[in-house]
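In: Pasting the sequence and the predicted model now:
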Amino acid sequence: LSGSGNVYLTVDTVNVNAGASIANTLPLIIQGGTFNSTIDLSPVSLTWSGGVIGGSGKLTTAGTSTLSGNTYLRDKVWDNSGTVNLGGRLHLSDTDANTAATAIFNNLSGGIVNVNSSASNPITYQYTYNDLSEQFNNAGTLNWNSTYSGGFGDIHYVTFNNTGTVNLNSGLRLYYTAGSDTGSYTLADGKWLEVYYGSRDFNSGTAISLASGAVSGQLRTYGTTTIADGTTLSNELLLNVIQGTTTYNSTNNLPLLQVEPGATFTAANDITVGTLTWSGGAIAGAGKLTTTGISTLSGTSAKYLSNKMWDNSGTVNLTGRLYLDDTDAATPATAIFNNLSGGIVNVNSVQSNPISYRYSYNDLSEEFNNAGTLNWNGSYSTWGYSDIHYITFNNTGTVNLNSGLRLYYTAGSDTGSYTLADGKWL
């Protein structure tokens, strides 16, 4: 096929087999049906509003590709170095539910993909969602402009690898995906990148930052997420660990960290966190945690400092319960909280034991060491007091008792001071 016309398919199935040729000067227009090609195709432009493009031959686009409606790339590799405008939903598809998928979309260096779709999942799978063999690989520029009503859109049950640039003008949820990054993400004001279950490796070289003029944005994690040393998170970006395990192997400090019930944040290296918001879950790992700003520990969900040292020189506001935690009942604990000179801890909890142990209560190896100021304001029910419970408590600083403090089966020593409000007791 050659000349100045279009290659146009609306219904039925066309098979382009070995020995055939289609000139790369011809536009390809697919509105329905199935277009299978075992030869490589390089149309001057692609307009695709429905149906299937399949077959073993590679599809290469260097011009403008316009996608709308539901489109299916089936068992095929598509290399793009031009501009793809996605206004509908692209399905990376295998042949059927029993066949491993080989549908791969590669946005090459210099290529641009503009996602302007109102679909909840503009890039998704068909048939086998659990093997994640379908791939979207970005080495160019991905502009994520999803207009779905929730203010975000999904890359959905496929493997997504990013070595290029992703600009988030709406939220992007990586929904049960796999993949890795060495590229960049730039977030418009108030937008977020979310790892929603699945797994993600942010490798050295990855940069997640806010766009010029933006003042807030989030990296939100639910699944198994690893952030390698050499990854850069900008100062205004909140790392929000919502569920699952996020392993932070970077040596860079975190200005903003939030950990929620059911989540685990583990850091192998010493890091300083400026503002910590902790409503539940665990903070773990061999590296020391240092806090210099406001740390808010709230809610009734348990908060576990697991085999970790925490040095505080800022202000900790505790309204729930903090457990100094070893890994399990058979492992001696090494959880230590140090309120340094100048640090302030305000205990405003209504829990019976706002500071307590977990698992091994009898070795008292968990420690709360106060060299700063501890303001004990909590009161459990009608008791008028609450406990530091089954740990070692050492005080070289100041303790202000605005309610009763019971050191319940603790060990420790004092060279500091206790100041008791009227009628209160130690």
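Out: Looks like it arrived, so ask away. Residues are numbered from 1 along each chain as shown.

In: C-alpha from now on. contacts and neighbour counts both.
Out: Noted.

In: so for the helix or strand that contains residue 368, what's the average pLDDT?
Out: Using DSSP states H and E, the element containing residue 368 is strand 367-370. Taken as a whole, strand 367-370 has a mean pLDDT of 97.

In: what's the offset of that strand from the middle of its chain?
Out: The chain centre lies 32 Å from the centre of strand 367-370; the measure is C-alpha atoms, centre = their mean, to the nearest Å.

In: Tell me the helix or strand right after that strand.
Out: strand 373-376.

In: Parallel or antiparallel, which strands does that next one pair with?
Out: Here strand 373-376 has these sheet partners by DSSP bridges: strand 344-347 (parallel), strand 398-401 (parallel).

In: so of these, which one's packed in deepest?
Out: strand 344-347 (a mean of 21; mean count of other C-alpha atoms under 10 Å).

In: residues making contact with the helix or strand that that one is followed by?
Out: The helix or strand immediately downstream of strand 344-347 is strand 355-358, counting by DSSP H and E. The contact list for strand 355-358 (C-alpha atoms under 8 Å, 6 or more residues apart in numbering) reads 321-326, 366, 387-391.

In: how about 6 Å then?
Out: With C-alpha atoms under 6 Å, 6 or more residues apart in numbering as the test, strand 355-358 has contacts from 321-325, 388-390.

In: Then stretch 115-134?
Out: 86-93, 97, 101-104, 144-148, 153-159.

In: Buried by neighbour count, from those: which ones?
Out: 86-93, 101-104, 144-148, 153-159 (16 or more other C-alpha atoms under 10 Å).

In: Among these, which lie within strands?
Out: Those of the buried ones among the contacts of stretch 115-134 mapping onto strands are 86, 89-93, 104, 144, 153-156, 159, per DSSP state E.

In: Quick check: mean pLDDT of the helix or strand harbouring residue 264?
Out: For residue 264, the host element (DSSP H and E) is strand 263-267. For strand 263-267, the mean per-residue pLDDT is 97.

In: Closest to residue 205 out of the contacts of strand 355-358?
Out: Within the contacts of strand 355-358, proximity to residue 205 (C-alpha to C-alpha) peaks at residue 325, which comes in at 33.9 Å.

In: What's the separation between that closest one and residue 366?
Out: Per C-alpha to C-alpha, to the nearest Å, residue 325 is found 7 Å from residue 366.

In: Common neighbours of those two, please.
Out: The contact lists of residue 325 and residue 366 share residue 335, where a contact means C-alpha under 6 Å, 6+ apart.

In: before we move on, the earlier item: list the contacts of the strand holding residue 368.
Out: 336-339, 391-395, 397.

In: mind redoing it with 8 Å?
Out: Residues contacting strand 367-370 (C-alpha under 8 Å, 6+ apart): 324, 335-340, 391-398.

In: any weak-confidence spans in the stretch 201-350 of the chain?
Out: 327-333 (pLDDT under 70).

In: So which residues of it form helices?
Out: For the stretch 201-350 of the chain, no helices are identified by DSSP state H, counting those that start in this stretch.

In: so what strands line up beside the longest strand belonging to the chain?
Out: Ranked by residue count under DSSP E, the longest strand found in the chain is strand 271-278. Strand 271-278 has the following strand partners under DSSP bridges: strand 254-259 (parallel), strand 289-291 (parallel), strand 294-297 (parallel).

In: Take these and lay them out in a markdown table including distance to residue 6 and mean neighbour count.
Out: Listed next are the strands paired with strand 271-278 as a markdown table, based on distance: least, C-alpha to C-alpha, whole Å; neighbours: other C-alpha atoms under 10 Å:
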| stretch | distance to residue 6 | mean neighbour count |
| --- | --- | --- |
| strand 254-259 | 54 | 21 |
| strand 289-291 | 63 | 22 |
| strand 294-297 | 63 | 21 |
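
In: any chance of the ones you listed in TSV, plus distance to residue 226?
Out: Shown next, in TSV, are the strands paired with strand 271-278 (distance: least, C-alpha to C-alpha, whole Å):
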stretch	distance to residue 226
strand 254-259	15
strand 289-291	18
strand 294-297	24
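
In: Nearest to residue 34, out of these?
Out: Across those, closest to residue 34 is strand 254-259 (C-alpha to C-alpha), at 47.9 Å.

In: report the angle between the axes of that closest one and strand 263-267?
Out: Between strand 254-259 and strand 263-267, the angle comes out at 150 degrees (axes from the mean of the first three to the mean of the last three C-alpha atoms, to 10 degrees).

In: wait, what's in contact with the residue nearest to the spatial centre of the chain?
Out: Among the residues of the chain, the one closest to the centroid is residue 221, at 2.6 Å (C-alpha atoms, centre = their mean). Going by C-alpha under 8 Å, 6+ apart, residue 221 touches 194-197, 239-244, 246.

In: Over to residue 286?
Out: Counted by C-alpha under 8 Å, 6+ apart, residue 286 has contacts 267-270, 307-308.

In: change it to 7 Å
Out: Residue 286 makes contact with 267-269, 308 under the criterion C-alpha atoms under 7 Å, 6 or more residues apart in numbering.

In: neighbour-wise, which of the residues you listed leads?
Out: residue 308 (25 neighbours; other C-alpha atoms under 10 Å).
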